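Undergrad: Can you look at this prediction? I've put the sequence above it.
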Amino acid sequence: MTRNQDIEAFEGVRTLRSGRVVPAEWNELSRRVIGAAMRVHTELGPGLPEKLYENALVLECARSGVVANRQVVVPVAYGQESIGEVRLDLVVEGVLVVELKAVESIADLHLAQLVSYLRAGKFPLGLLINFNVPHLRDGLYRRLNAEALPP
């Protein structure tokens, strides 16, 4: 298994390098956020600006009892030196990064961006949600940072 496959491992799958597993409560959290995103997409549909989906998703998460912080600033280091910061669309319950898009199609670069955010903030789990699709299931992507999973 390559490093990329470790990153792309899905629910409960052990990574060969670390032998770590995504805790069940984190899988449930990602399911709850996906459910909230589906409710938002059902009501708003595709074609709106990303910021509107962000606003609606935060409201829907709050209604579901999920704490989602928006526009979270995370420092980026190169070695031991700080080189700047990135702003994450949402951080849910301190463990799940949610990157929102409203684009025609998801490029590999969008997925690489999510993985970079996970590494920069040492977050274990990330979702990329593209609202600009007819069916939201076609706009959902999940990535893991195996290095940030619990032992």
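TA: Everything's here; your move.

Undergrad: CA atoms for contacts and neighbours, from now on please.
TA: OK.

Undergrad: that's a helix at Ala77, yeah?
TA: No: looking at Ala77 with DSSP: H, G, I helix; E, B strand; the rest coil, it is strand, so not inside a helix.

Undergrad: Is it bridged to anything, and to what?
TA: Beta bridges link Ala77 to Ser82, judged by DSSP bridges.

Undergrad: my guess is it contacts Ser116, does it?
TA: No: look at Ala77 against Ser116 with C-alpha atoms under 8 Å: they stay out of range, at 11.5 Å.

Undergrad: now do the same end-to-end measure for stretch 132-141.
TA: Taking C-alpha to C-alpha, to the nearest Å, stretch 132-141 runs 14 Å from one end to the other.

Undergrad: buried ones in the longest helix along the chain?
TA: The residue-count maximum for a helix in the chain (DSSP state H) belongs to helix 24-44. Neighbour counts using 16 or more other C-alpha atoms under 10 Å place Trp26, Leu29, Ser30, Arg32, Val33, Ile34, Ala36, Ala37, Met38, Arg39, Val40, His41 of helix 24-44 among the buried residues.

Undergrad: got it, and stretch 56-65?
TA: Ala56, Leu57, Val58, Leu59, Glu60, Cys61.

Undergrad: how far is it from where the chain is centred?
TA: Its chain's C-alpha centre and that of stretch 56-65 lie 16 Å apart, by C-alpha atoms, centre = their mean, to the nearest Å.

Undergrad: now swap in stretch 21-31 and tell me
TA: The answer for stretch 21-31 is 12 Å, by C-alpha atoms, centre = their mean.

Undergrad: what ranges do the helices span in this structure?
TA: In the chain, the segments counted as helices under DSSP H are 3-8, 24-44, 50-63, 108-121.

Undergrad: contacting residues around stretch 106-125?
TA: For stretch 106-125, contacts defined as C-alpha atoms under 8 Å, 6 or more residues apart in numbering pick out 7, 74-77, 86, 88, 94-97, 99, 126-128, 130, 139, 142-149.

Undergrad: Make a PyMOL selection of whichever of those residues turn out to be buried.
TA: Restricted to buried positions by 16+ other C-alpha under 10 Å, the PyMOL selection for the contacts of stretch 106-125 reads:
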select buried, resi 7+76+88+95+96+97+99+126+127+128+130+139+142+143+144+145+146+147+148+149
